[in-house]
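> pasting the sequence and the predicted model now:
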2 protein chains.
Amino acid sequence: MSNKTSKGDLFEQFARIGKALANGKRLQILELLAQGSRNVETLAQLTGLSVASTSQHLQQLRQVGLVVANKEGLYVFYRLAGDGIVRLLAALHAVGQEHLAEVDKLVRLYFESKDSLEPVPAKELMQRAKKGLVTVLDVRPPEEYAAGHIPGAVNMPVSEIRKRLKEIPKGQGVVAYCRGPYCLMAFDAVAELRKRGRNARRLEDGFPQWRSAGLPVEMGQS
Amino acid sequence: MSNKTSKGDLFEQFARIGKALANGKRLQILELLAQGSRNVETLAQLTGLSVASTSQHLQQLRQVGLVVANKEGLYVFYRLAGDGIVRLLAALHAVGQEHLAEVDKLVRLYFESKDSLEPVPAKELMQRAKKGLVTVLDVRPPEEYAAGHIPGAVNMPVSEIRKRLKEIPKGQGVVAYCRGPYCLMAFDAVAELRKRGRNARRLEDGFPQWRSAGLPVEMGQS
DNA sequence: TTAGTATTCAACAAGATCGTTGAATAGTCA
DNA sequence: TGACTATTCAACGATCTTGTTGAATACTAA
């Protein structure tokens, strides 16, 4: 029988991309790159890998066209090769969420009660933000915020929430977001805000998904 | 250094799904299951694998929740665990199409000229089919057609096109579809029809994508 | 030029994956 | 009951993956 495992097989080509997604560290790297360009050393620190190992993972990702590199001076900056890759990651997340009990468990570890998650869909946020009914909180680091954020969002990393609580109007709701549906900083922010009596929820997806959906984006400092 | 490769890592969980997609034969099995239930032996024949090997692949897919099994008499039938998986496969295809030169090459091997592909988007087909401007051709096997097809589509496998050409009105266009954007039967059908002077194009996606997009579906014999 | 730094390359061992084989299991049918 | 069949399991080498190490490359800055 034609046991085609040759390079000419279409499925074998798609499997090359599957292989790129078959490693937790590589997925973490992709997730980090979904937030913007990063050089090798930074990625190594963030993932806890050695620099050489990180470089090798990046080579693999580059070979199947998921990331592209451009050299700036001494550093090589990597970024995702296109928006389709964010969609692929989102589909992966969705399937994991739906079909792997472990994922659900891990996400919920961050909350005592299951119901308190209540993610806000992007569309709903759009409508409510326009009417000024809600404060939108971007809990990512300032660099990422500056590179692009949801219009009108206030940049406030989790560590600053306590100090800067008064900046958030008390009467209305708060919606926090960060890098994606599984970026845990948004969860932490919501927990923190609720502890302080605010009506807080988190955005269903994160900023990369917001952008790849073609929704408006604001740039620069707050 | 916190070299987390533990089960508690969220990315490690998503990587389990990536691993399931990291093999051409498994992807082929998933693609086949996107068309409907299949038992182990049938899948073994269609993929050219041994039965034992096929079974082992199916176990892997089941462990990460991508497929589910139900026993009917002597046979175990497998099917996809949900529509999210079709979306994941579609995202994988899209990324492959966009970022892997090899995929494009393979797809185009079936056509001499690149421009002659001209896939029809689902929306466009909806509009034109409603006005009766176009004949929609389902080139899948009758069983699959009976299990669900695009409303008004005529079931005509590639091998029958020559004999049944007169069933296709001569004046108007023809749009052929089968199982997905990389199901090559639709390509063959378009080639065959063009050779015979018809204005033929193929649907951009296939039936599984049509259904998962929530578009209307017709059941039963033609 | 020379020193210094970010990145990549090459080689190695530990471990995972793949398909094959042959045997075990669980159900059907007479 | 007993023969038969679809599927699964277990064990085996051959082949890929992963992360480590140390060296090579390419570029900057003085």
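Nice, thanks for sending it over.
> where does chain A have low pLDDT?
Within chain A, the stretches with pLDDT under 70 are A:1-8, A:107-117, A:182, A:184, A:222.
> secondary structure class for A:Glu175?
Let me fix one detail, which is that residue A:175 is Val and not Glu. When classified by DSSP: H, G, I helix; E, B strand; the rest coil, A:Val175 comes out as strand.
> so it versus A:Lys123, what's the distance?
12 Å (C-beta to C-beta, to the nearest Å). Placement of C-beta: from N, CA and C, glycine included.
> those two: who's more crowded?
A:Val175 (25 against 11; other C-beta atoms under 10 Å in any protein chain shown).
> and stretch A:97-104, what's buried?
A:97, A:99-100, A:102-103 (16 or more other C-beta atoms under 10 Å in any protein chain shown).
> anything in the longest helix along chain A near chain B?
The residue-count maximum for a helix in chain A (DSSP state H) belongs to helix A:83-99. Yes - applying C-beta under 8 Å from any C-beta of the partner chain, one finds helix A:83-99 in contact with chain B at A:84-85, A:87-88, A:90-96, A:98-99.
> kindly check the end-to-end length of stretch A:210-221 for me.
Using C-alpha to C-alpha, to the nearest Å, the end-to-end distance of stretch A:210-221 comes to 19 Å.
> likewise for stretch A:128-139?
End-to-end for stretch A:128-139, by C-alpha to C-alpha: 19 Å.
> what does chain A put close to DNA strand D?
A:19, A:22-23, A:25, A:49-50, A:52-53, A:56-57, A:60, A:71, A:73-74 (C-beta under 7 Å from any atom of the strand).
> how does it look with 10 Å?
Residues of chain A found near DNA strand D (C-beta under 10 Å from any atom of the strand) are A:5, A:15-16, A:19-26, A:44, A:47-57, A:60, A:71-76.
> wait, A:Asn70 sits on A:Asn39?
No - using C-beta atoms under 8 Å as the test, A:Asn70 is too far from A:Asn39 to be in contact (10.5 Å).
> where along chain A do the helices fall?
Under DSSP H, chain A gives helices at A:10-20, A:24-33, A:40-47, A:51-63, A:83-99, A:101-108, A:122-130, A:142-146, A:184-195, A:207-212.
> got TSV for the ones you listed, with distance to B:Lys170 too?
Formatted as TSV, the helices of chain A follow (distance: least, C-beta to C-beta, whole Å):
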stretch	distance to B:Lys170
helix A:10-20	33
helix A:24-33	51
helix A:40-47	60
helix A:51-63	49
helix A:83-99	39
helix A:101-108	54
helix A:122-130	46
helix A:142-146	59
helix A:184-195	59
helix A:207-212	44
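> redo those as TSV? Include distance to DNA strand C.
Output for these, formatted as TSV (distance: least, C-beta to the nearest atom of the strand, whole Å):
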stretch	distance to DNA strand C
helix A:10-20	8
helix A:24-33	12
helix A:40-47	3
helix A:51-63	3
helix A:83-99	16
helix A:101-108	16
helix A:122-130	33
helix A:142-146	16
helix A:184-195	25
helix A:207-212	22
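> which stretch among these comes nearest B:Leu215?
Distance to B:Leu215, taken as C-beta to C-beta, is lowest for helix A:83-99 among the helices of chain A, at 19.0 Å.
> tell me the angle of that closest one relative to helix A:10-20?
Angle between the axes of helix A:83-99 and helix A:10-20 is 80 degrees (criterion: axes from the mean of the first three to the mean of the last three C-alpha atoms, to 10 degrees).
> which residues touch helix A:83-99?
Residues from elsewhere that reach helix A:83-99, judged by C-beta atoms under 8 Å, 6 or more residues apart in numbering or on different chains: A:17, A:21, A:27, A:30-31, A:34, A:66, A:80, A:103-104, A:107, A:180-182, A:205, A:208-209, A:211-212, B:13-14, B:17-18, B:64-66, B:81-82, B:84-85, B:87-88, B:90-92, B:94-95, B:98-99.
> what touches both of A:Asn70 and A:Asn39?
Counting by C-beta under 8 Å, 6+ apart, the contacts common to A:Asn70 and A:Asn39 are A:76-77.
> show me what contacts A:Leu33?
Per C-beta under 8 Å, 6+ apart, neighbours of A:Leu33: A:43, A:67, A:78-80.
> make a PyMOL selection of the buried ones in the residues you listed.
Burial among those is assessed by 16+ other C-beta under 10 Å; the matching PyMOL selection reads:
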select buried, chain A and resi 43+67+78+80
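> tell me which of the contacts of A:Leu33 is nearest to B:Asn155?
Nearest member of the contacts of A:Leu33 to B:Asn155, counting by C-beta to C-beta, is A:Leu80, at 41.3 Å.
> neighbours around A:Arg198, how many?
Number of residues near A:Arg198 (other C-beta under 10 Å) recorded here: 19.
> so who does it touch?
A:Arg198 neighbours (C-beta under 8 Å, 6+ apart): A:168, A:170, A:173-174.
> out of those residues, which end up buried?
The neighbour count (16+ other C-beta under 10 Å) marks A:168, A:173-174 as buried among the contacts of A:Arg198.
> export those residues to CSV and tack on distance to DNA strand C?
Converted to CSV, the buried ones among the contacts of A:Arg198 look like this (distance: C-beta to the nearest atom of the strand, whole Å):
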residue, distance to DNA strand C
A:Ile168, 37
A:Gly173, 41
A:Val174, 37
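> can you pull the phi/psi pair for the nearest residue to A:Pro141 once chain neighbours are set aside?
Spatial nearest neighbour of A:Pro141, excluding adjacent residues (C-beta to C-beta, 6 or more residues apart in numbering or on different chains): A:Pro157 at 6.2 Å. Per-residue torsions, A:Pro157: phi -60, psi 160 (degrees, to the nearest 10).
> which residues touch A:Pro157?
A:139-142, A:185.
> most surrounded residue in the residues you listed?
A:Val139 (28 neighbours).
> surely A:Lys25 meets A:Leu46?
No - using C-beta under 8 Å, A:Lys25 makes no contact with A:Leu46, being 10.4 Å away.
> show me which of the two is the more surrounded one.
Using other C-beta under 10 Å, the more surrounded residue of A:Lys25 and A:Leu46 is A:Lys25, with 21 against 14.
> find the nearest non-adjacent residue to the more buried one, please.
Using C-beta to C-beta, 6+ apart, the closest residue to A:Lys25 is A:Thr47 (5.5 Å).
> okay, now that neighbour: neighbour count?
Residues near A:Thr47, counting by other C-beta under 10 Å: 22.
> in this structure it contacts A:Arg26, no?
No - using C-beta under 8 Å as the test, A:Thr47 is too far from A:Arg26 to be in contact (9.2 Å).
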